[in-house]
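# Structure for the following, please:
(one chain, ligands or ions: 3)
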Amino acid sequence: MKGLVTKSTGSWYTVRDETGQYHECRMAGKIRLDGRKTTNPVVVGDNVEFELTETDGIIYKIAERKNYIIRKSINLSRQTQIIASNIDQAFLIVTLVLPRTSTGFIDRFLVTAEAYGIPVTLLFNKKDLLDEDLLQIQEELMNVYRKIGYPCMAISAQNKAEVAQLKEQLKGRINLISGHSGVGKSTLINTLQPELGLKTGEISEVHLKGKHTTTFSELFELNSGGFIIDTPGIKELGLVEMKKEELGHYFPEIRERMQLCRFNNCLHVSEPNCAVRKAVENGEIDAERYHNYLGMLNGEEMEWKEWKLS
Ligand SMILES: Nc1nc2c(ncn2[C@@H]2O[C@H](COP(=O)(O)OP(=O)(O)OP(=O)(O)O)[C@@H](O)[C@H]2O)c(=O)[nH]1
Ligand SMILES: [Mg+2]
Ligand SMILES: [Zn+2]
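Ligands and ions are numbered 1, 2, ... in the order given. Below is the predicted model:
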C-alpha cells in the first residue's frame, strides 16, 4: 500500500493510505537513506510504501523527497532533524513581539525555500499586540518583502475571519506552517479547524519566548481542502548545501540584477562595477536584506552545514 506519513514520533509513524484511512506503522529494519545524519529516518510528508500486518503496519520503502526543512535538534548538538518533507507551500509566521522574529531568521528561511522552489507567504501574527509605532514598522517590513515577491499578511491567529482568508490558498496542497516557538502556529491551525484541539502554550514572561509546546511535526487534513503541517518552533535553521556563488540566486532582488555585474562570478561584496551594491547604495535593495546576505555569505559553515541564527 502507498501512503503519506502524517506523524513521526521516533519509532511509530502514522500513515494515511490513499483512501484516507490512518495506520500506525513501524519501520522494517534498516532503510537506506540519503547519507545525512538526522535523528529521524521517516518524516512527516514522506511518501511511503507499507504493508499491513495483523496488528499494525510496516513501512518498507520511502520515496525520494522533493524537498525538506531541517532544524538543529534541541539537545543533540551535532545532529539535525528534518521537520517535514515534500512541501508545496510554506507559511512563515513572523512576530514583532512575543517573541521577536529577526530578519536574519526570515531571510534564512526564505533562502532555504528559494533553493527548493517552495513558495512562501509571510504571516505577520499578533497584530493585536502592536501599538501604532510597531504597526508602522510592521507595514514597512511587509513592504520590503512584498517588493521582492513574497505575499505578506498581518493577522491575529485567533481571528476567524482573518484566518479564513487563507483557506482558498491552502487547498490542494501540502502546506507547512513554520516559525519560532510561540509565534502562534498551533493557534492559527486551531482557528482554521477548531476540532483539532492542538495544544498551545504561553510565552515565558522571563525570556519573552515560546516554550516549545509542539514537539513533533504533524500533518492534518483540512475540511476545507488541502493538508497543513504544524511544526515545532525553529530556533536554529539548517540549510541546504550550496556554494557561495549560489547564494545570490536565492535572493530574488539579487538574482534579478546579477547579470549586470561586471564579473559573472561576482559575490557582490567589494567587486568593481557590481550592480547589486549599486542597487543597495541607491536604496533599490533593502540594506538589511543585503546585510543578511553578507552574514550568510561569511558564515563559517557556508560550504555547508547549519547557519547559526543571531
Ligand atoms: N495576542 C495574541 N496572542 C496570540 C496570537 N496568536 C497566538 N497567540 C498566543 O501565543 C501563545 C503561543 O501560541 P502557540 O500557538 O502555542 O505558538 P506555537 O507557534 O505553536 O509555539 P510552539 O508550539 O512552541 O512552536 C499562546 O498563548 C497563544 O494564545 C495572536 O494573534 N495574538
Ligand atoms: Mg505549537
Ligand atoms: Zn555583483
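# Quick one: neighbours of W12, just the number.
Neighbourhood size, W12 [other C-beta atoms under 10 Å]: 13. Heads up, the C-betas are built off the backbone N, CA and C, glycines and all.
# Now it: closest residue in space that isn't a chain neighbour?
For W12, ignoring the flanking residues on the chain, the nearest one in space by C-beta to C-beta, 6 or more residues apart in numbering is E24 at 5.8 Å.
# Then L192?
Leaving aside its sequence neighbours, L192 sits nearest to V163 (C-beta to C-beta, 6+ apart; 5.7 Å).
# and that neighbour, what element?
Assigned by DSSP states H and E, V163 belongs to helix 160-164.
# Where do the helices of the stretch 201-310 of the chain begin and end?
For the stretch 201-310 of the chain, the helices defined by DSSP state H, counting those that start in this stretch cover 244-247, 252-255, 275-281, 287-298.
# A90 is nearest to which of those helices?
helix 252-255 (15.3 Å; C-beta to C-beta).
# which outside residues touch that closest one?
Helix 252-255 has contacts (C-beta atoms under 8 Å, 6 or more residues apart in numbering) with 114, 147-149, 248-249, 268, 276, 279, 284-286, 289, 293.
# How many residues are close by the residue nearest to L192?
22.
# Report the contact partners of it.
Counting by C-beta under 8 Å, 6+ apart, V163 touches 155, 157, 188, 191-192.
# Closest to ligand 3 out of these?
Nearest to ligand 3 among the contacts of V163: I155, at 36.6 Å, using C-beta to the ion.
# So the closest one sits against N125, correct?
Yes - contact criterion C-beta atoms under 8 Å: I155 and N125 qualify, at 5.8 Å.
# For those two, indicate the residue with more neighbours.
With neighbours defined as other C-beta under 10 Å, I155 and N125 compare such that N125 has more, 27 against 21.
# hang on, the earlier thing: out of the helices of the stretch 201-310 of the chain, nearest to ligand 1?
Ligand 1 sits nearest to helix 287-298 of all those, at 22.4 Å, using C-beta to the nearest ligand atom.
# Identify all contacting residues around the closest one.
Contacts of helix 287-298 (C-beta under 8 Å, 6+ apart): 103-104, 107-108, 111, 144, 148, 244, 247-248, 251, 253-254, 267-269, 276, 280, 302, 307, 310.
# Among these, name the buried ones.
103-104, 107-108, 111, 144, 148, 247-248, 251, 253-254, 267-268, 276, 280, 307 (16 or more other C-beta atoms under 10 Å).
# which of the residues you listed come close to ligand 3?
268, 276 (C-beta under 5 Å from the ion).
# Ramachandran coordinates for whichever residue of the stretch 201-310 of the chain sits closest to ligand 2?
Residue nearest to ligand 2 within the stretch 201-310 of the chain: T214 (3.1 Å; C-beta to the ion). When read as degrees, to the nearest 10, the backbone of T214 gives phi -80, psi 120.
# Would you mark the buried spots in the host helix or strand of Y145?
Using DSSP H and E, Y145 sits within helix 132-147. The neighbour-count check on helix 132-147 (16+ other C-beta under 10 Å) flags 138, 141-142, 144-145 as buried.
# With stretch 112-120 instead?
Buried residues in stretch 112-120, defined by neighbour count with 16+ other C-beta under 10 Å: 112-115, 118-120.
# Residues contacting the lowest-mean-pLDDT helix or strand in the chain, please?
Lowest by mean pLDDT, DSSP states H and E among the helices and strands of the chain is strand 68-72, with a mean of 80. With contact meaning C-beta under 8 Å, 6+ apart, strand 68-72 is reached by 38, 43, 45, 79-87, 90, 112, 176, 178, 231-232, 234-239, 306.
# residue closest to the middle of the protein?
Geometric centre of the chain, nearest residue: S178, 4.6 Å, by C-alpha atoms, centre = their mean.
# Look up how far T19 lies from that one.
29 Å (C-beta to C-beta, to the nearest Å).
# And L297, by the same measure?
L297 is 49 Å from T19, where distance means C-beta to C-beta.
# out of the two, which sits in the more crowded spot?
Of the pair L297 and T19, L297 is the one with more neighbours under other C-beta under 10 Å, namely 15 against 7.
# if we can go back for a sec, how about the residue of the stretch 201-310 of the chain closest to ligand 2, nearest residue that isn't a chain neighbour?
Distances taken as C-beta to C-beta, 6+ apart place P232 nearest to T214, at 5.0 Å, with adjacent residues excluded.
# cool, I189 as well?
The spatially closest residue to I189, leaving aside those adjacent along the chain, is D230, at 5.3 Å (C-beta to C-beta, 6+ apart).
# how deep is that neighbour tucked in, by neighbour count?
23.
# remind me which residues of the stretch 1-150 of the chain are low pLDDT?
Within the stretch 1-150 of the chain, the segments meeting pLDDT under 70 span 30-40, 72-79.
# can you pull out the strands in it?
In the stretch 1-150 of the chain, the strands defined using DSSP state E, counting those that start in this stretch lie at 2-8, 13-17, 22-27, 47-52, 57-62, 68-72, 80-85, 89-94, 120-124.
# Noted, bye for now.
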